[in-house]
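Novice: Pasting the sequence and the predicted coordinates here, then a few questions.
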Amino acid sequence: MENIKLSIDKAFGFVSEQAVAGYKAQVDDANAALHNGTGKGSDFLGWLNLPSSIDEAHLQDLEATAKILRNNCEVVVVIGIGGSYLGAKAVIDALSNSFDWLLTERKSPVVVYAGQNIGEDYLYELQELLKTKKFGIISISKSGTTTEPALAFRLLKTQLEEEQGKAAAQKLIIAITDKSRGALRTAATQEGYKTFVIEDNVGGRFSVLTPVGLLPIAVAGFDIRKLISGAVTMEAKCGLETPFEQNPAAQYAAVRNELYKNGKTTEILVNFHPKLHYIGEWWKQLYGESEGKENKGIFPAAVDFTTDLHSMGQWIQEGERTIFETVISVKESNYTKVFPHSEENLDGLNFLAGKRVDEVNKMAELGTMIAHVDGGVPNLKIELPVLNEYYLGELLYFFEKACGISGYILGVNPFDQPGVEAYKKNMFALLEKPGFEAETKAIKARI
Ligand SMILES: O=P(O)(O)OC[C@H]1O[C@](O)(CO)[C@@H](O)[C@@H]1O
């Protein structure tokens, strides 16, 4: 069976193969530190052997819970922010019909999201829409105290209870949170919601293969067993037993650190498949929160090609030469669409007649890679044989493992995110949250 494949040869005009190979000892140490729990943040390594440790009872519980929501809801609102929604959205978007919400003959509820912003219009419009739908809620927050999802949950819980009555609403709300701490846990215990636990040792951005990602993905009708099976394969392929040269996570971590050392301070994750947009968003959080600290770290950006070649393409081709690209390429489309011949040939496109649309896309991909490398942008490539649950599982785990190794090579703790607190403190001070009196006074004096 094929696996996802990493190619790094198009970086070698910019950094030497020898220099990348020179990371072997460092990478092996980093990988060993992860597996032995001897590195920074070692109390957050629950994701490391997670795929292979998921048991049948847990899967059945997830599937049975998903079935209840699938049978009773037209819409399921996933409430969460950052790692508490991005993984689910990334996988669901990657696997769904591009026009999912317009499909009339539905087998699965429409999954929508809330708590990932504080948009008043967004929440108003969502609640108006939900007045006409049978809906359920999956409320996800590891801390159980994050403002954005807590705010959305209060609004939607109230709406569901008012529309359905408290007893019916209780059966349509699932909480995924800490086993004992936080306001969401308190509410779940008090109201009697079905809950799933996010273990202490799994950080939000590494939680896609916990119920945080798995339950919404199962609700959307996708096969979480195949997703996990792909992740299990990658867990083995990126494990300690695989030598540096054959370990894709080790190779990716090494080459991106060497590029960074040589002034490539921004990595752009590129896709040529519109369904992968949110894989880019998930990846940005994974690498941004893990590596961006102590005044260092590659800045993670993402683009959708060919769309963004007509907006960001100019900058990438000729702007500051501090970037490199990592292209996610999908080898085989799931469907076939052949470009037709036209007698009039008014658009001059008969040279494409008989070709598949994907062939045009692949030539755009190849042409872009050559142009960008010529323009001074190193290119890495990750190829998925096809877009399905299994290869997405491989991809997610590959990125997680590489992130842990890469963060250790950089010398940071890849598993904390102290910098995220600064805005929260100011927001609470400005909103005059009880307990923030001194901060309120101080910040008000500055504005
Ligand atoms: O699941 P929680 O605790 O609501 O946190 C959501 C997100 O917020 C952060 O803690 C940052 O504020 C992320 O690390 C996390 O994914």
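Specialist: Nice, I can see it. Numbers count the residues shown, from 1 in each chain.

Novice: what's the burial count for the residue in the stretch 151-300 of the chain that the ligand sits nearest to?
Specialist: Here the stretch 151-300 of the chain gets closest to the ligand at one residue, G204, 2.7 Å apart by C-beta to the nearest ligand atom. For every residue, glycine as well, the C-beta is placed using N, CA and C. By other C-beta atoms under 10 Å, 26 other residues sit near G204.

Novice: Phi, psi for the nearest residue to it once chain neighbours are set aside please.
Specialist: In this structure, G204 finds its nearest non-sequential neighbour in G83, 2.8 Å apart by C-beta to C-beta, 6 or more residues apart in numbering. Backbone torsions for G83, taken as degrees, to the nearest 10, come to phi -60, psi -10.

Novice: Which strands or helices does the longest helix anywhere in the chain pack on?
Specialist: Looking across the chain with DSSP state H, the single longest helix is helix 389-410. Packing partners of helix 389-410 (3 or more C-beta pairs under 8 Å, 6 or more residues apart in numbering; DSSP states H and E): helix 24-36, helix 86-95, helix 224-237, helix 248-261, helix 277-291, strand 379-386.

Novice: how about L69, what does it touch?
Specialist: With contacts defined as C-beta atoms under 8 Å, 6 or more residues apart in numbering, the neighbours of L69 are 76, 109, 136, 138, 172, 174, 219.

Novice: where's it, which helix or strand?
Specialist: helix 56-72 (DSSP states H and E).

Novice: is the helix or strand following that helix up against the ligand anywhere?
Specialist: Reading on from helix 56-72 to the C-terminus, the next helix or strand found by DSSP H and E is strand 75-79. No: judged by C-beta under 6 Å from any ligand atom, strand 75-79 makes no contact with the ligand; its nearest approach is 9.5 Å.

Novice: Within the sheet, what are the partner strands of strand 75-79, with directions?
Specialist: strand 110-114 (parallel), strand 135-141 (parallel) (DSSP bridges).

Novice: how is this structure carved up into domains?
Specialist: 5-40+230-416, 50-227 (automatic domain parsing).

Novice: would you turn those into CSV with distance to K441 and mean pLDDT?
Specialist: As requested, those are exported to CSV (distance: least, C-beta to C-beta, whole Å; pLDDT from 0 to 100):
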stretch, distance to K441, mean pLDDT
domain 5-40+230-416, 29, 98
domain 50-227, 21, 97
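
Novice: Distance to F436 added to those domains, as CSV?
Specialist: Formatted as CSV, the domains of the chain follow (distance: least, C-beta to C-beta, whole Å):
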stretch, distance to F436
domain 5-40+230-416, 23
domain 50-227, 13
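
Novice: ok, so of the contacts of L69, who is nearest Y260?
Specialist: Using C-beta to C-beta, the shortest approach to Y260 within the contacts of L69 belongs to I138, at 37.2 Å.

Novice: on that earlier part again, just the strands paired with strand 75-79: most buried one?
Specialist: strand 135-141 (a mean of 28; mean count of other C-beta atoms under 10 Å).

Novice: Give me the angle between it and helix 86-95.
Specialist: Orientation note: strand 135-141 sits at an angle of 130 degrees relative to helix 86-95 (axes from the mean of the first three to the mean of the last three C-alpha atoms, to 10 degrees).

Novice: begin at 54 from here
Specialist: Noted, 54 is the first residue going forward, which turns the last one into strand 188-194.

Novice: if we can go back for a sec, for PyMOL, write the selection for the buried entries among the contacts of L122.
Specialist: Filtering the contacts of L122 down to the buried ones (16 or more other C-beta atoms under 10 Å) takes a single PyMOL command:
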select buried, resi 129+162+189+191+225+227+272
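
Novice: Which two of the contacts of L122 have the greatest separation?
Specialist: P162 and I227 (12.9 Å).

Novice: Common neighbours of these two, please.
Specialist: If you check P162 and I227 against C-beta under 8 Å, 6+ apart, the residues they both contact are 122, 189.

Novice: Quick one: distance of the top strand by length along the chain to the chain centre.
Specialist: What stands out as the longest strand in the chain, according to DSSP state E, is strand 376-385. Centroid displacement of strand 376-385 relative to its chain, using C-alpha atoms, centre = their mean, to the nearest Å, is 16 Å.

Novice: Next SSE downstream of that strand?
Specialist: Next along from strand 376-385, by DSSP H and E: helix 410-427.

Novice: Return the list of helices and strands in contact with that following helix.
Specialist: Packed next to helix 410-427, using 3+ C-beta pairs under 8 Å, 6+ apart, are helix 366-371, strand 376-385, strand 432-439.
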